[in-house]
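J.: got a structure for you, letters missing:
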């Protein structure tokens, strides 16, 4: 009998990669979409998944919505990837961030506890919870010191996940993932902001990129590798919490150099402008993860190095803009593609409502 899995945040970055993995493992996959008349399914389409999973409207901030969802589907596994995940916006959207990231997790856990306690639950935690740690590398025992409303909301969700495991004997696991990127990363995130800008500069569509603190250092990996760790966590005999990271650190300057060099531009500093608007009220300067526990207990390790990841992202962004330019040069093709796209969309945006 096929296993079933629910994924919140299906339209984000990690959801499509996780759905692809689960489909390859013969799961029935249910993706939760917010209640919008025209939901964004571009990331699902990028991986060719728009017609391969069942899309359902739902809202993690609505407790009744989560109760109906769990009661109806009774999933084997639940992956909570829903979040207001852009750190920079969390100061301006602190209440929204808290409702989705913190209260949303509580609603899901209560729904599982009351309706189907054997559901295995994965919580997408984050390295941002560590803040400006005094340690060179952070692992599962490193003290948390969040430096943003986003990280604070995720810390609440982390401890709620642990508490429900201890209090109600639920199978709940936290994946403390360090930064992970892909060609479908949102353009507001620095990696995609850079690769998108480099593509436009290479094609003569832009002259500069505007950034804030380019000295920040992060531990970056590929989302396609990291979702495998999520799945592995829910296949263990006992639930636990794991740091998922590459163990290697790069600065935003390194990111810029690799991205520009990949398109034959070596003098990258000439194209970068520092803009104070992009500096945050509280800066997280450095993160680097120690995933020894995951490598030993899960048998997981990253497959894609940082250089290859950034080069892949730049290539895909260039491909997107070239396709856009070609389409604009052929109006008949544009009209046909738009018609075709909207025709397809109308079929899959009728997401099922759980009643």
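T.: The structure has been received and is ready for your questions. Predicted, not measured: the structure shown is a model, and the values here were computed from it. Residues are numbered from 1 along each chain as shown.
J.: where does the residue nearest to residue 123 when sequence neighbours are not counted sit relative to residue 130, distance-wise?
T.: Computed as CB to CB, 6 or more residues apart in numbering, the closest residue to residue 123 that is not its neighbour in sequence is residue 161, at 4.3 Å. No exception for glycine: its C-beta is placed from N, CA and C like everyone else's. Distance, residue 161 to residue 130, by CB to CB, to the nearest Å: 17 Å.
J.: And the pLDDT at the residue nearest to residue 123?
T.: On pLDDT, residue 161 comes in at 98.
J.: A helix includes it, no?
T.: Yes: Residue 161: assigned to a helix according to DSSP: H, G, I helix; E, B strand; the rest coil.
J.: Test my guess that it contacts residue 176.
T.: No: using CB atoms under 8 Å, residue 161 is not in contact with residue 176; the gap is 10.9 Å.
J.: where do the contact lists of those two overlap?
T.: Listed as contacting both residue 161 and residue 176 by CB atoms under 8 Å, 6 or more residues apart in numbering are residue 125.
J.: Give me the neighbour count for residue 274.
T.: Residue 274 has 11 neighbouring residues, counting by other CB atoms under 10 Å.
J.: ok, for it, nearest residue in space, not its chain neighbours?
T.: residue 211 (6.4 Å).
J.: Mind checking the pLDDT average for stretch 70-88?
T.: 87.
J.: Could you list the buried residues of that stretch?
T.: 70, 73, 75-85, 87-88 (16 or more other CB atoms under 10 Å).
J.: Please apply the same query to stretch 96-107.
T.: Across stretch 96-107, burial judged by 16+ other CB under 10 Å covers 97-107.
J.: which one of the buried residues of stretch 70-88 is nearest residue 10?
T.: Of all the buried residues of stretch 70-88, residue 10 sits closest to residue 81, with 7.6 Å by CB to CB.
J.: ok, that closest one - contacts?
T.: 7-10, 12, 14-15, 18, 124.
J.: can you rerun that using 7 Å?
T.: Counting by CB atoms under 7 Å, 6 or more residues apart in numbering, residue 81 makes contact with 7-9, 12, 14-15, 124.
J.: same deal with residue 152?
T.: Contacts for residue 152 (CB under 7 Å, 6+ apart) come out as residue 146.
J.: Surely it is within a helix?
T.: Yes: the assignment for residue 152 is a helix, going by three-state DSSP.
J.: before we move on, back to that, going by distance to residue 138, which of the buried residues of stretch 70-88 wins?
T.: residue 87 (16.5 Å).
J.: Check whether residue 251 really touches residue 217, as I assumed.
T.: Yes: the pair residue 251 / residue 217 is scored as a contact, 4.8 Å apart, by CB atoms under 7 Å.
J.: Could you point out the longest helix of this protein?
T.: Longest helix of the chain, by residue count under DSSP state H: helix 306-328.
J.: for it, which positions count as buried?
T.: Of all the residues in helix 306-328, those buried under the rule 16+ other CB under 10 Å are 306, 309-314, 316-318, 327.
J.: so what's the spatially closest residue to residue 131 that is not a sequence neighbour up against?
T.: In this structure, residue 131 finds its nearest non-sequential neighbour in residue 145, 3.6 Å apart by CB to CB, 6+ apart. Applying CB under 7 Å, 6+ apart to residue 145 gives the contacts 130-133.
J.: And residue 19, by the same measure?
T.: Residues in contact with residue 19 (CB under 7 Å, 6+ apart) are 7, 10, 29, 31, 49, 53.
J.: hey, where'd the strands end up in the stretch 151-300 of the chain?
T.: Listed in chain order, the strands of the stretch 151-300 of the chain (DSSP state E, counting those that start in this stretch) span 172-177, 180-181, 209-211, 217-218, 221-222, 242-244, 250-251, 272-274.
J.: which helices and strands does the second one pack with?
T.: Contacts defined by 3 or more CB pairs under 7 Å, 6 or more residues apart in numbering; DSSP states H and E place strand 180-181 against strand 221-222, helix 223-233.
J.: now do the first one
T.: Contact analysis of strand 172-177 by 3+ CB pairs under 7 Å, 6+ apart lists strand 120-126, helix 149-168, helix 223-233, strand 242-244 as its packing neighbours.
J.: mind redoing it with 10 Å?
T.: strand 77-80, helix 104-115, strand 120-126, helix 149-168, helix 223-233, strand 242-244 (3 or more CB pairs under 10 Å, 6 or more residues apart in numbering; DSSP states H and E).
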